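>>> Structure for this input, please:
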Amino acid sequence: MGKLSTQYMGLSLRSPYVASSSGLTEKVASLVALDQAGIGAVVLKSLFEEQIMGLTNSIWEGESDPESYEAIRSYTEAREVGAYLRTIRDAKASCGVPIIASISCTVRGRWEEFAKQMAEAGADALEVNIFLLPTDATRPAADYERLYVDTVKRVVEQVSIPVSVKLARMFTNPLHMMSQLSYVGAKGCILFNRYYEPDIDLASMKLVPGEMFSTPGELIQTLRWVAMGTSQIEPLDIGVSTGVHTAHEAAKAILAGACVTQVCTALYQHGPVYVSQLNDELERLIEEHGFSNLAAMRGRMDYAHAGNPAMFERSQFMIYYASR
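Below is the predicted model:
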């Protein structure tokens with residue numbers, strides 16, 4: 001597995017494949033199976049702000065005393081956070097790969113305190129998952145972006161372990177956002193998070209969740225920003241999420257400059273054992289293209305090294321097809 005080793009936020013990984021935060025990374029037994037199959041690292045299922053608040057509200061329903069609500073919230077928070085910390089400790093005791101904790105933030109909360117507890121429980125790194133949907137037409141984009149940076153800054157200040165940020169696609173200038181996150185201390189950035197989008201069911205005339213699983217074609221929306229980001233924001237280790245189903249997608253991401261490639265849908269579809277096949281296929285691709293190892297392959301097609309970097313800048317749709 002030496003050919004596949006990579007460095008990510010100072011962590012040594014035997015493989016660039018990282019199990020993305022999901023239901024598959026919630027139980028220690030699943031983490032052990034992924035470890036045995038050859039995964040490089042695992043990101044635990046996120047501790048969600050909505051999860052804590054939802055449980056609090058369900059318990060408090062029917063009550064009217066604000067003091068009771070606060071007591072219930074504190075109890076629920078302690079229970080959920082405590083269970084998460086036990087998972088970190090059990091995972092560290094049972095697995096030999098880096099364990100990356102994950103917190104999902106939507107508003108200002110106590111995330112820096114939770115992050116500190118996760119680090120103390122033994123997490124090797126922390127992935128911060130922030131998504132602030134801009135629903136206010138009177139609020140400028142800069143306000144939302146400032147909240148991202150401020151949240152990450154507060155978390156970084158509380159922990160000594162490396163922190164990565166999993167970003168959504170909804171930024172006017174993703175490169176500037178990555179640069180700002182790096183400036184306040186983030187060591188890594190995952191591009192991009194995949195959120196469930198609303199769809200309309202014509203039969204029932206109701207809103208329903210959109211497609212849950214990704215497709216390989218979604219990777220193409222990310223390669224541009226990986227290639228540009230790795231060339232311009234060197235202190236930041238960039239990883240890819242969404243669309244990595246086979247070694248071919250992983251190889252493209254690595255050529256563009258990614259340190260790691262997160263996988264989720266493929267693991268749901270094929271199970272943890274699929275990691276072994278992904279590793280074998282990626283090793284063959286490295287050899288077929290004449291590289292000695294993954295490190296030699298990484299970044300060979302990024303913005304600074306691609307034969308025609310202007311291709312990363314093109315966004316004209318009609319002009320392209322008009323010339324065919």
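>>> Any figure for the gap between Ala253 and Ile99?
With the distance defined as C-beta to C-beta, to the nearest Å, Ala253 ends up 22 Å from Ile99. The C-beta positions use only the backbone N, C-alpha and C, and glycine is treated the same way.
>>> What ranges does the protein have for its strands?
Here the chain has its strands, by DSSP state E, at 6-8, 11-13, 17-19, 41-43, 47-48, 99-105, 125-130, 163-167, 188-191, 198-201, 206-209, 237-240, 260-263.
>>> Least reliable of those strands by average pLDDT, please.
Ranked by mean pLDDT, the strands of the chain end with strand 47-48 at the bottom, a mean of 76.
>>> The strands of the chain: which one's closest to His270?
The minimum distance between His270 and these falls on strand 260-263, with 9.8 Å, by C-beta to C-beta.
>>> which strands and helices sit next to the closest one?
Contacts defined by 3 or more C-beta pairs under 8 Å, 6 or more residues apart in numbering; DSSP states H and E place strand 260-263 against strand 17-19, strand 237-240, helix 247-256.
>>> Apply 7 Å and report the result again.
strand 17-19, strand 237-240 (3 or more C-beta pairs under 7 Å, 6 or more residues apart in numbering; DSSP states H and E).
>>> Contacts for stretch 169-186 next, please.
Outside of stretch 169-186, the residues within contact range by C-beta atoms under 7 Å, 6 or more residues apart in numbering are 141, 145, 148-149, 152-153, 156, 163-165, 167, 189, 192, 225, 228-229, 232-233, 235-236.
>>> Give me the buried subset of those residues.
The neighbour-count criterion (16 or more other C-beta atoms under 10 Å) marks 145, 148-149, 152-153, 156, 163-165, 167, 189, 192, 225, 228-229, 233, 236 among these as buried.
>>> I'd like to know which of the contacts of stretch 169-186 are part of helices.
Ala141, Glu145, Tyr148, Val149, Val152, Lys153, Val156, Trp225, Met228, Gly229, Gln232 (DSSP state H).
>>> quick one: contacts for the fourth one?
Under the criterion of C-beta under 7 Å, 6+ apart, the contact partners of Val149 comprise Gln180, Leu181, Val184.
>>> Now distance to Asn129 and neighbour count too, for the residues you listed, in CSV please.
Output for the contacts of Val149, formatted as CSV (distance: C-beta to C-beta, whole Å; neighbours: other C-beta atoms under 10 Å):
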residue, distance to Asn129, neighbour count
Gln180, 17, 18
Leu181, 13, 26
Val184, 17, 18
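>>> Quick check: of those residues, which lies closest to Asp199?
Nearest to Asp199 out of the contacts of Val149 is Leu181 (C-beta to C-beta; 31.1 Å).
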